[in-house]
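> what follows is a predicted protein model with its sequence.
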Amino acid sequence: MIEGPNYLNRKDGDTPSPDYLDRKTGVNWKQHEQDVAKRSGGQRRSASGSAPGKPADTKDDVFLRECKSTAGAGLSVSGRWLAKIAAEALSLGKIPLMELRLDGQEAPTPKDWVMIPSIDFEAILERIAEGNNE
């Protein structure tokens, strides 16, 4: 039998290893989702990443939004994230949208950015142009 730390019967205050689930430091992803929902007039979806049948982080009448944030100045966008939000949005008849928060950016660079598929961006531009021609 392999001997190791007794995680289940430890005394109060004993910390046998770092608390990797402690989110007191780093990025405040929950605040980001709340900010997006408030700004967009949408609704935050609690447990969106951990519960089946709860797609995306926020939704409104037009967009299904996946929120990603970092305490740093940049992040890599995962193709898996894009595939997930695209499939979920398609099934609900919404436009997939990625909300990115880069807390490490310094002024004048904005910390919040939005990504949508180029085909949807072009459609939005066409609607704007049509509205300006009336």
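On my side now, so go ahead.
> tell me the helix or strand right after the helix or strand of the chain with the lowest mean pLDDT.
Taking mean pLDDT, DSSP states H and E as the measure, the chain has strand 43-44 as its least confident helix or strand, at a mean of 70. Using DSSP states H and E, the next helix or strand after strand 43-44 towards the C-terminus is strand 58-59.
> neighbouring strands of that following strand in the sheet, and parallel or not?
If you go by DSSP bridges, strand 58-59 pairs up with strand 43-44 (antiparallel), strand 63-70 (antiparallel).
> what's the local residue count around C67?
24 (other Cβ atoms under 10 Å). Glycine gets a C-beta too; all of them are placed from N, C-alpha and C.
> which ones are touching it?
W29, H32, E33, V36, D57, T58, M98, E99, R101 (Cβ atoms under 8 Å, 6 or more residues apart in numbering).
> just confirm L97 is within a strand.
Yes - counting by DSSP: H, G, I helix; E, B strand; the rest coil, L97 is located in a strand.
> what distance do you get for it to C67?
10 Å (Cβ to Cβ, to the nearest Å).
> pull the distance from stretch 105-124 to the chain's centre.
Averaging C-alpha positions (Cα atoms, centre = their mean, to the nearest Å) puts stretch 105-124 14 Å from its chain's average.
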